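Novice: I would like to see how this sequence folds:
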Amino acid sequence: MYLSIYLSIYLYTTIFCSYLSIYLSIYLSIYLSIYQFLLNLSTYLSRRDHHFPSLLSLSLSLGNMIPLLILTAALVSMGVEGTGRRVCYYTNWSQYRPNEGKYLPKNINATLCTHIAIAFGKITDTLGPFEWNDESTPYREGTFDQIVKLKLTNPGLKVLLSVGGWNANSKPFNRVLESKMKTVMFAEQAAGYLRKKGMDGLDVDWEYPTNKQNYNTFIQTLKNAFIEEANKSGKERLLLTSAVPAGKFNIDRGFDIPFISKLMDFITVMTYDLHGSWEKYTGHHSAMYAGDWETGPERYLNVDWIMDYWHKLGVPKSKLNLGLPTYGRCFTLESIHRDGVNVRTKGASTAGKYTREQGFLSYYEICKMIKDGAKKMYIPDQKVPYIVKDDQWCGYDDIPSLKVKLQYVKSKGFGGVAVWSMALDDFNGICGPKYPLMTAIFNEMGGNDIHGYPTNALPEKDTTSADYQHSNRWITDGFISWMTTHGSVSWETTTPKPTISEIKPTDPCLGKMKGFMPHADCKKFYICSNDLKSENMTQSL
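Specialist: Sure, this is the predicted structure:
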């Protein structure tokens with residue numbers, strides 16, 4: 001706790017001093033410019049000839065002030081957005097997890113976020129709470145009020161209520177779209193409800209719309225209601241944001257992107273859940289780039305392609321948030337001797353002790369597995385890690401892989417990131433300091449204007465990969481089935497290509513069992529023995 005307080009004080013003091021020095025320098029320059037201008041003006045007026053050099057000197061001194069005044073106005077207007085958006089999702093069902101997994105508003109470190117989105121509210125004919133304790137009673141302070149109060153510790157914080165989600169489908173949205181009157185009444189009630197609760201906007205998580213016009217009508221009506229409410233109340237307009245899918249099929253089917261991009265304040269792209277236990281093969285659910293073994297539609301399932309696609313379809317980069325997961329998607333391997341990428345599985349992994357969902361583990365459950373001996377592997381092409389323990393395989397993000405994604409966000413000029421979710425980071429410090437992932441995100445982006453970063457190219461290789469063992473497995477099965485939120489696709493592949501990474505020639509069988517292993521030269525191969533055993537890797541925080 002004290003470390004977290006010290007870190008927060010240190011970071012904010014550093015940021016404050018930096019801005020203070022900038023402001024003082026600018027104001028001193030303005031003062032000197034004004035002094036020079038008045039001096040030149042006095043000289044000009046005192047002369048009878050009013051000749052050209054004096055007039056030129058007067059004009060130049062006035063001209064020197066203009067850029068400084070513009071820069072000052074820009075800095076004054078720069079609020080929390082200037083640091084790059086860091087949208088943090090709070091899940092109101094995480095309160096039901098046992099023991100160290102239980103997550104409540106009191107666990108939130110609000111200094112790590114620019115926005116907190118509460119998932120989820122409920123849509124019927126009106127907007128309202130979902131959980132029994134979301135709203136306050138005379139005897140108990142509700143979740144909504146507890147989170148809104150966090151603005152006292154972070155005055156620039158914005159609180160959003162998110163509606164929809166993967167389980168909501170389109171029914172609640174279509175219900176309020178049955179008539180124009182119902183849609184308008186819902187939008188007006190939603191604006192009043194959000195304002196009454198002290199919130200700052202609505203996050204629309206309608207993940208699978210099948211009718212573009214319905215989606216357009218819904219958000220246009222909301223935007224109109226928010227503008228009207230702001231005009232009447234004299235307060236800042238409520239924000240209208242959205243969380244959108246990453247799958248090309250759902251993007252193309254459900255969204256009129258040029259239209260919605262004009263209405264939304266920002267859009268979070270859910271660049272995760274790209275693979276999972278609904279498939280028959282291992283795959284990382286949030287890879288940065290495509291693997292060299294991937295073909296066909298599988299090459300669409302990576303962060304780089306997805307973010308670029310949303311931008312090319314019409315969303316300004318400044319409005320796009322890259323979704324960052326603090327959890328893993330996990331499998332049970334068909335064979336413990338074949339534990340690489342794109343190898344056969346028997347289904348979902350065993351449920352975690354705290355999250356209690358098969359095929360899904362929080363970061364704090366994953367880092368505990370690493371401490372207990374799980375092998376930590378790395379996929380060089382995709383810039384992401386996974387772990388293997390016995391027949392359990394799990395792809396996730398750690399600090400090095402998040403840094404690659406954050407550097408990508410900054411170099412490409414995207415508006416920010418969104419974290420799903422706060423409750424899945426190591427918020428209790430099971431493996432070390434609290435909130436290791438979210439702190440890394442803050443450190444990489446916090447206190448800096450995200451659009452001020454240079455647009456130099458990213459390095460070809462991740463220099464942090466030395467902390468991992470490298471994946472070096474054959475992809476042997478030639479049939480890929482893809483059935484997830486992206487739609488349903490299946491196809492046969494050509495002869496698969498092995499994932500080869502640079503491994504020292506003196507240790508070609510690192511992490512391998514007995515048998516033959518591929519060589520970088522396709523005319524050669526290695527013979528491995530179980531005498532060469534892999535070392536267990538510890539989590540590096």
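
Novice: Residues in contact with stretch 210-230: which ones?
Specialist: Residues from elsewhere that reach stretch 210-230 (Cβ atoms under 8 Å, 6 or more residues apart in numbering): 170, 173-174, 176-177, 183-184, 186-188, 190-192, 195, 201-202, 204, 206, 209, 236-238, 240, 242, 253-256, 259-260, 263-264. C-betas here are computed from N, CA, C, even on glycine.

Novice: What sits closest to Thr355 if chain neighbours are left out?
Specialist: Ser362 (5.1 Å; Cβ to Cβ, 6 or more residues apart in numbering).

Novice: Let me see the backbone angles for the one you found.
Specialist: phi -70, psi 160 (degrees, to the nearest 10).

Novice: SS state for Lys376?
Specialist: When classified by DSSP: H, G, I helix; E, B strand; the rest coil, Lys376 comes out as strand.

Novice: tally of neighbours for it?
Specialist: Per other Cβ atoms under 10 Å, the neighbour tally for Lys376 reads 21.

Novice: these two touch, right, it and Val384?
Specialist: No. Taking contacts as Cβ atoms under 8 Å, Lys376 lies outside contact range of Val384: 11.6 Å.

Novice: before we move on, back to that, give the PyMOL command for selecting the buried subset of the contacts of stretch 210-230.
Specialist: Remark: buried members of those, expressed as a PyMOL selection using 16 or more other Cβ atoms under 10 Å:
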select buried, resi 170+173+176+177+183+186+187+188+190+191+195+201+202+204+206+209+237+238+240+242+254+255+259+260+264
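
Novice: Which ones among the contacts of stretch 210-230 map onto strands?
Specialist: The members of the contacts of stretch 210-230 that map onto strands under DSSP state E are 201-202, 204, 240, 242.

Novice: Between all of these, which two are at the greatest distance?
Specialist: Using Cβ to Cβ, the pair of the ones in strands among the contacts of stretch 210-230 lying farthest apart is Gly201 and Ser242, separated by 10.8 Å.

Novice: what about the protein, any weak spots by pLDDT?
Specialist: The chain contains residues with pLDDT under 70 at 1-83, 447-541.

Novice: Quick check: bridge partners of the residue nearest to Thr355?
Specialist: Ser362 forms beta bridges with Tyr327, as assigned by DSSP bridges.

Novice: correct me, but it touches Ser94?
Specialist: No. If you go by Cβ under 8 Å, Ser362 and Ser94 don't touch, sitting 9.5 Å apart.

Novice: what do these two both touch?
Specialist: 101, 423.

Novice: which of the two has more neighbours?
Specialist: More neighbours surround Ser362 than the other of Ser362 and Ser94, with 28 against 21 (other Cβ under 10 Å).

Novice: Distance check, the more buried one against Met438.
Specialist: When distance is defined by Cβ to Cβ, to the nearest Å, Ser362 is 13 Å away from Met438.

Novice: quick one: common contacting residues for the two?
Specialist: Common neighbours of Ser362 and Met438 (Cβ under 8 Å, 6+ apart) are 326, 425.

Novice: that older thread, if I pick the residue nearest to Thr355, what's in contact with it?
Specialist: By Cβ under 8 Å, 6+ apart, the contact list for Ser362 reads 101, 326-327, 352, 354-355, 423-425.

Novice: Return the subset of the residues you listed lying in strands.
Specialist: Tyr327.

Novice: which of the contacts of Ser362 lies closest to Gln146?
Specialist: For the contacts of Ser362, the residue nearest Gln146 by Cβ to Cβ is Ala423; the value is 14.4 Å.

Novice: Contacts only, for that closest one.
Specialist: The contact partners of Ala423, by Cβ under 8 Å, 6+ apart, come to 90-91, 94, 97, 103, 107, 362.

Novice: sorry, back to before: state the distance from the residue nearest to Thr355 to Gln382.
Specialist: The spacing between Ser362 and Gln382, counted by Cβ to Cβ, is 21 Å.

Novice: again, but for Asn174
Specialist: With distances taken as Cβ to Cβ, Asn174 is found 37 Å from Gln382.

Novice: now swap in Tyr435 and tell me
Specialist: As for Tyr435, its distance to Gln382 is 25 Å (criterion: Cβ to Cβ).

Novice: List the buried residues for stretch 279-296?
Specialist: For stretch 279-296, by 16+ other Cβ under 10 Å, it's 279-291, 293-294.

Novice: Show me where the stretch 101-250 of the chain has its helices.
Specialist: For the stretch 101-250 of the chain, the helices defined by DSSP state H, counting those that start in this stretch cover 143-148, 171-176, 180-196, 212-233, 248-254.

Novice: longest strand of the protein?
Specialist: strand 115-123.

Novice: and the angle for it with helix 180-196?
Specialist: Going by axes from the mean of the first three to the mean of the last three Cα atoms, to 10 degrees, strand 115-123 is angled at 140 degrees with respect to helix 180-196.

Novice: Thr241 is in contact with Phe266, correct?
Specialist: Yes. Using Cβ under 8 Å, Phe266 is in contact with Thr241, at 5.2 Å.

Novice: Closest one of the contacts of Ser362 to Gly415?
Specialist: Looking across these and measuring by Cβ to Cβ, the closest to Gly415 is Thr326, at 20.0 Å.

Novice: So what's the residue count around Thr137?
Specialist: Using other Cβ under 10 Å, Thr137 has 8 other residues around it.

Novice: And for Asp372?
Specialist: For Asp372, the neighbour count with other Cβ under 10 Å is 9.

Novice: try Pro155
Specialist: 8.

Novice: what does Glu100 give?
Specialist: Residues near Glu100, counting by other Cβ under 10 Å: 15.

Novice: The nearest residue to it once chain neighbours are set aside in helix, strand or coil?
Specialist: Nearest residue to Glu100, sequence neighbours excluded (Cβ to Cβ, 6+ apart): Asn428, at 5.0 Å. With three-state DSSP as the basis, Asn428 sits in coil.

Novice: Surely Asn428 touches Met422?
Specialist: No. In this structure, Asn428 is not within contact of Met422 by Cβ under 8 Å, at 11.9 Å.

Novice: Okay, domains of this protein per the record?
Specialist: Domain assignment of the chain by automatic domain parsing yields the ranges 2-76, 81-326+398-456.

Novice: Throw those domains into TSV and include distance to Val343, thanks.
Specialist: Below are these laid out as TSV (distance: least, Cβ to Cβ, whole Å):
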stretch	distance to Val343
domain 2-76	40
domain 81-326+398-456	5
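
Novice: any idea which of those is most buried?
Specialist: Comparing those by mean neighbour count (mean count of other Cβ atoms under 10 Å), domain 81-326+398-456 ranks first with a mean of 19.

Novice: residue contacts, Leu361?
Specialist: 327-328, 330, 349, 352, 355, 369, 394, 396.

Novice: Pull up the gap between it and Lys389, please.
Specialist: Distance from Leu361 to Lys389, counting by Cβ to Cβ: 11 Å.

Novice: With that, I have no additional questions.
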